[in-house]
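S.K.: Kindly generate the corresponding structure for this input.
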Amino acid sequence: MDQTTVSCIFWVALSLTVTQTTSQGCSVDLFQRPDTGPLILKVLNNSYYFPEPSLSDNRSVDFDYEEEAIVACPGGQFTQLGFNTNGQHGSCKGGTGFMVAGYLYLYHRLNCTLPDVKRPALSESYDNPNLDDTDFIHQAPSTYHVFQIELSRVDVQSLYRSVDSILASLDLDGYINDTHFIKIGNLAPYEHFFYIFQRDATYHLANSAPQWNTFDEGNWKVVEQGVLDFSQDAFVYGDATVLTGTLKVATLANSSGVPVEIYLYYGRVPVPRWFWKLIYYDDFNVGVIFFGFNNPYASKNEVDTEFLTEVCSVDVFESAATSWHLEDVDNTDPALGYIYACRVNLDEILDPLVNSIVSNVLPMEIRRADIF
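M.R.: Got it, this is the predicted structure:
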C-alpha cells in the first residue's frame, strides 16, 4: 500500500489592532507576545498572503499607511468581543494601530487564545542577537504538547505512548526500547517557518507522520538542515519549490520472519517507509529529490536494491552531498536512516506516485532538470 503526504502549510483570514492615527506606516512585532498574538495577513488582488519579515529586525512586519490587512485567530478565540476569529479587514493607521469596523485597535492588545494547545516558547527561537538579516532561525523548541487526530478524536500523545503495545499486538516485540522508538515527525520542520501560525500548522495531522527517533535526529535532520543552508547559499537562484512527503508503509519482521506493515491505529496512521524532499528551482531548471529510509533495523544492501528497482534507477547522493552540505550524512548506520538522492528526471523516477508529483512540478515541455 502506498502512502504519500505532501506537506502544505495554509491558513485563511485574520484580525488586527492600533495606536494613534498618523501618516506613518505600521510595524508589528510578531514575537512580542508569541503565545497570544493573532495572525496578520496582507491583501493583494482579493487574496491573502504572509508579508515578508522586516529586514531591520527579522521579527516584525511592516504596512504602509492605510494599507489593508486582515487579522484572525484560526482555531482559537479572541478575548475581545466582536472579533471574527476567521478574519476581519482593517487598515493601518500608524504605529501598531489598525482601524477595524470603525474602531482603532492596537495589535498587541488583541489576544488570540488557542484552547487545549500549549505552544512552545516560540520567542526564544527568535531572540538571537547573532543572527543577521538573511538568516533563517534554526533553534527548535522542545515539544508540542497536545493535538488530536480529527477523524477519531484520539489523543496523539497517548497513541505514541502506546506504540510498544501496538507493535506487540502485531507480533513485533522487542523493536521499541530506550534508544529506538517512534515519535511524531514534522514533514515541514517547525523551525524553518517565520510565522507562528505556519509553525503551528506543521503539527497538523496532514503535515506530520510517524518517524523513528534516530532517523528524525539523525540523517534526515542533516538533510533538512542542508537544504536550508543551500537555499541561503543559492539565494541568487531565486525562489525554490520545496515539497516533502512520505512513500509506502514501513514493515518489520515478526517472530516468523514475515514482514508486517505498521499502522498505529486500527489500519490508520501508517508508519512511512520512506520520507522524501523535492527541491526545484524553476528559473534555472535545476533540482533534486532526497529520500530517507525510516527504519533503524534495515539492511543497507536490501534498501539499496529497493531504491534502485522501485524508487529511482540512479542514486546521485554522492555527487550531490557536497554542494548540498550533506557531508555529515552517515550511510553506514541503519539507525540514522539511509539517505539517497534522485535527479528530477521523469525517465529515472520509477515510483509512479513520485513520478506524477514531479510531472506536476516540471514545466510541461520538460522531462528532467539538472542537478547542482
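
S.K.: quick one, what contacts residue 89?
M.R.: 43, 68, 69, 70, 100 (Cβ atoms under 8 Å, 6 or more residues apart in numbering). C-betas here are computed from N, CA, C, even on glycine.

S.K.: farthest pair in those residues?
M.R.: 43 and 100 (13.5 Å; Cβ to Cβ).

S.K.: so where's the longest helix in the chain?
M.R.: helix 219-233 (DSSP state H).

S.K.: Next secondary structure after that one?
M.R.: Proceeding N to C from helix 219-233, the next assigned helix or strand is strand 241-249, under DSSP states H and E.

S.K.: buried residues in that following strand?
M.R.: Buried residues in strand 241-249, counting neighbours by 16 or more other Cβ atoms under 10 Å, are found at 242, 243, 244, 245, 246, 247, 248, 249.

S.K.: Going along the chain, name the strands of the stretch 151-300 of the chain.
M.R.: Ranges of strands in the stretch 151-300 of the chain, per DSSP state E, counting those that start in this stretch, are 154-155, 182-186, 208-212, 241-249, 251-253, 259-261, 263-265, 268-270, 272-281, 286-293.

S.K.: Residue 43 and residue 100: which is more packed in?
M.R.: residue 100 (25 against 14; other Cβ atoms under 10 Å).

S.K.: Can you say which helix or strand has the nearest residue to that one once chain neighbours are set aside in it?
M.R.: Leaving aside its chain neighbours, residue 100 sits nearest to residue 90 (4.0 Å; criterion: Cβ to Cβ, 6 or more residues apart in numbering). Using DSSP H and E, residue 90 sits in strand 88-94.

S.K.: where in the stretch 151-300 of the chain is pLDDT low?
M.R.: 151-157, 234-237 (pLDDT under 70).

S.K.: Look up how far residue 211 lies from the nearest residue to residue 247 once chain neighbours are set aside.
M.R.: With Cβ to Cβ, 6+ apart as the criterion, residue 247 has its nearest non-adjacent residue at 4.0 Å, and that residue is residue 274. Distance, residue 274 to residue 211, using Cβ to Cβ, to the nearest Å: 11 Å.

S.K.: Overlap of the contact sets of these two?
M.R.: residue 294.

S.K.: okay, the two: which has more neighbours?
M.R.: More crowded of residue 274 and residue 211, by other Cβ under 10 Å: residue 274, with 27 against 24.

S.K.: so that one sits right up against residue 294, yeah?
M.R.: Yes: Residue 274 lies in contact with residue 294 (Cβ atoms under 8 Å); the separation is 6.6 Å.

S.K.: which ones are touching residue 282?
M.R.: 238, 239, 241, 363.

S.K.: ignore the last one, residue 369
M.R.: With Cβ under 8 Å, 6+ apart, residue 369 has these contacts: 280, 285, 286, 287, 343, 344, 345, 362.

S.K.: Quick one, which of those are buried?
M.R.: Buried, going by 16+ other Cβ under 10 Å: 280, 286, 287, 343, 344, 345, 362, out of these.

S.K.: bridging residues for the third one?
M.R.: Here residue 287 shows beta-bridge partners residue 280, assigned using DSSP bridges.

S.K.: Before I go, just wanted to say thanks for your time.
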